[in-house]
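> When you get a sec, could you give me coordinates for this:
(one chain, ligands or ions: 1)
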Amino acid sequence: MSAALLIHASQLLTLRGDVAPRRGPAMAELAIIEDGAVLIKDGRITAAGTTDELRPHSKNTEEIDCRNKVVLPGFVDSHTHPVFATPRLIDFEKRVAGASYEEIAAAGGGIRASIHGVRESSADKLAHHVLHALNEMSAYGTTTVEAKSGYGLDLASELRSLEAIRQAAQHWQGTLVPTLLGAHVVPPEFRDNLDEYVRIVCDEMIPAAARPVPQSLSRARRGIRAPQLGANLGNDTPQKLAAYVDVFCERGAFTPEQSLRILRAAVAHGLKTRIHVGQLTHTALELFSEFHCASFDHLDNLSDADIAWLAKSDTVATLLPAANYFLGLTTFPPARKLIDSGVAVALATDYNPGTSPTVSMPMILSLACTQLRMTPAEAIAAATINAAYALKRDDRLGSLETGKQADFAVFEVEDYREIPYYFGMQRCWMTVKNGEIIYLKD
Ligand SMILES: [Zn+2]
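Residues are numbered from 1 along each chain as shown. So this is what the prediction gives:
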């Protein structure tokens with residue numbers, strides 16, 4: 001749609017405001033307009049207000065009636081691992097039955113299964129899987145996704161994983177932000193030579209992922225038409241195979257010292273940084289202050305000093321409650337304490353085959369409310385404007401304000417609190433990216 005007017009939304013959640021990321025009480029301010037309307041032109045929002053305010057100025061514009069529906073910014077899923085070949089059903093069944101990590105690995109499950117699957121797959125096959133996941137995400141209201149490599153764990157397979165993300169991005173109208181996670185776990189062949197693997201990540205994977213990709217060329221070669229975007233929206237397409245480097249800093253994965261080496265290599269090659277940290281054991285976050293990381297993710301184990309430090313930093317705390325849920329844990333990250341201390345909190349699916357096989361942001365909102373004790377309003381801010389900030393895209397994404405991309409989701413509910421309330425239910429009616437419908441319920 002080159003121009004359209006959404007009218008009569010029961011609630012239009014604009015999340016307008018001068019400050020991002022949202023912290024403390026501001027996380028609950030959704031700036032709701034009742035009988036809301038949004039005017040869209042050339043992929044951007046040109047006005048948001050009440051239906052009575054906007055209608056007289058929008059003659060001859062296609063109208064979309066959103067009666068009895070809630071309109072909110074498209075979800076920004078800022079942490080996913082979609083590049084894998086098969087689900088990990090052995091893990092699932094065995095873990096439910098009480099098997100240990102070792103027993104699961106011995107039965108052919110565990111991360112080794114994912115590594116094997118990616119190493120044996122072509123870029124085309126992996127891209128097909130990623131695209132399938134992205135289309136499913138759209139059906140739950142997601143318009144922007146951060147996607148990590150991390151199951152290849154050798155130079156060729158990590159680059160092929162990033163290429164798969166890139167190929168999928170060319171077939172999906174949403175925004176895709178690629179991340180190199182070569183330092184996910186140490187692959188089996190380097191178990192006794194960990195430092196050599198860290199060297200490969202620093203000296204081979206990161207430089208290759210940071211090299212510019214001639215994208216007009218790659219689009220033309222594949223015969224894929226660039227999506228119809230408004231002016232200046234093309235800069236959303238990544239210029240390199242990866243925009244970020246991520247590290248799993250954890251016992252059994254990479255030590256803080258190894259993580260520092262890897263992140264320094266990322267910075268040296270002009271890539272931005274984010275870290276998986278504090279999932280199973282505690283690591284002092286201040287160690288990483290030199291990087292001004294976009295996000296620290298998981299954060300199940302935090303000290304009061306970490307929280308005080310985070311509250312003063314620009315780094316977002318990205319919480320991933322679906323992993324705790326799927327692993328059957330009874331403990332969850334301390335969202336309440338983080339928010340009440342002034343930390344900017346985001347939420348994401350952590351979509352991955354081992355610990356979080358879900359693409360549903362509404363399900364994450366529900367877990368955030370019931371398990372993290374976040375309010376429905378805080379959860380929505382965490383999944384939109386704060387998640388956009390966690391990807392450094394809050395200037396274009398995450399709220400419904402004049403000048404931003406026309407990215408929004410329309411839910412078949414009259415009150416936004418119904419979105420986390422009806423857990424596990426599909427209530428998304430329409431998803432729009434840059435003014436184009438990318439999902440419409442049958
Ligand atoms: Zn993860």
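> Spatially central residue for this structure, please.
Ranked by distance to the mean C-alpha position of the chain (Cα atoms, centre = their mean), the top residue is S78 at 1.9 Å.
> pLDDT score assigned to that one?
The confidence metric pLDDT takes the value 98 at S78.
> and the gap between it and P87?
23 Å (Cβ to Cβ, to the nearest Å). C-beta: built from backbone N, CA, C; applies to glycine.
> Likewise for D304?
According to Cβ to Cβ, D304 and P87 sit 39 Å apart.
> In terms of neighbours, single out the busier of those two.
Shown here are D304 and P87; by other Cβ atoms under 10 Å, P87 has more neighbours (14 against 9).
> what about that one, distance to A113?
Applying Cβ to Cβ, the value for P87 to A113 is 10 Å.
> cool, and P178?
Distance, P178 to A113, using Cβ to Cβ: 23 Å.
> Where does the prediction get shaky in this protein?
215-238 (pLDDT under 70).
> all helices for the stretch 1-150 of the chain, in order.
Remark: helices assigned in the stretch 1-150 of the chain by DSSP state H, counting those that start in this stretch are 51-54, 89-96, 101-106, 111-119, 123-138.
> residue boundaries of the helices in the stretch 251-400 of the chain?
In the stretch 251-400 of the chain, the helices defined using DSSP H, counting those that start in this stretch lie at 256-268, 304-312, 321-326, 335-340, 361-370, 376-383, 385-390.
> Redo those helices as TSV? Include distance to P82.
Output for the helices of the stretch 251-400 of the chain, formatted as TSV (distance: least, Cβ to Cβ, whole Å):
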stretch	distance to P82
helix 256-268	21
helix 304-312	27
helix 321-326	14
helix 335-340	25
helix 361-370	14
helix 376-383	18
helix 385-390	16
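> highest average neighbour count across those?
Mean neighbour count (mean count of other Cβ atoms under 10 Å) peaks for helix 385-390 among the helices of the stretch 251-400 of the chain, with a mean of 30.
> and that helix, how far out from the chain's middle?
Put simply, helix 385-390 sits 9 Å off its chain's centre (Cα atoms, centre = their mean, to the nearest Å).
> residue contacts, the nearest residue to D124 once chain neighbours are set aside?
Nearest non-adjacent residue to D124, counting by Cβ to Cβ, 6 or more residues apart in numbering: Q167, 7.2 Å away. Neighbouring residues of Q167 by Cβ atoms under 8 Å, 6 or more residues apart in numbering: A123, D124, A127, V130, L131, R222.
> The closest residue to the fifth one other than its chain neighbours: helix or strand, and which one exactly?
The shortest distance from L131 to any residue that is not its chain neighbour, by Cβ to Cβ, 6+ apart, is 4.2 Å, and that residue is A168. Element membership for A168 (DSSP states H and E) is helix 155-171.
> and that helix, which residues are buried?
By neighbour count on 16 or more other Cβ atoms under 10 Å, the buried set for helix 155-171 is 157-170.
> between the residues you listed, which is nearest G36?
Nearest to G36 among the buried residues of helix 155-171: A169, at 31.0 Å, using Cβ to Cβ.
> surely the closest one meets E163?
No. Counting by Cβ atoms under 8 Å, A169 does not reach E163; the two are 10.5 Å apart.
> could you measure the nearest residue to L13 once chain neighbours are set aside against T384, distance?
Distances taken as Cβ to Cβ, 6+ apart place L72 nearest to L13, at 4.1 Å, with adjacent residues excluded. Noted for L72: a distance of 7 Å to T384, by Cβ to Cβ.
> the more surrounded of the two?
Using other Cβ under 10 Å, the more surrounded residue of L72 and T384 is T384, with 33 against 25.
> residues contacting that one?
Counted by Cβ under 8 Å, 6+ apart, T384 has contacts L15, L72, P73, G74, F75, V76, G398, S399.
> same thing but at 7 Å, please
T384 is in contact with L15, L72, P73, F75, V76, G398, S399, counting by Cβ atoms under 7 Å, 6 or more residues apart in numbering.
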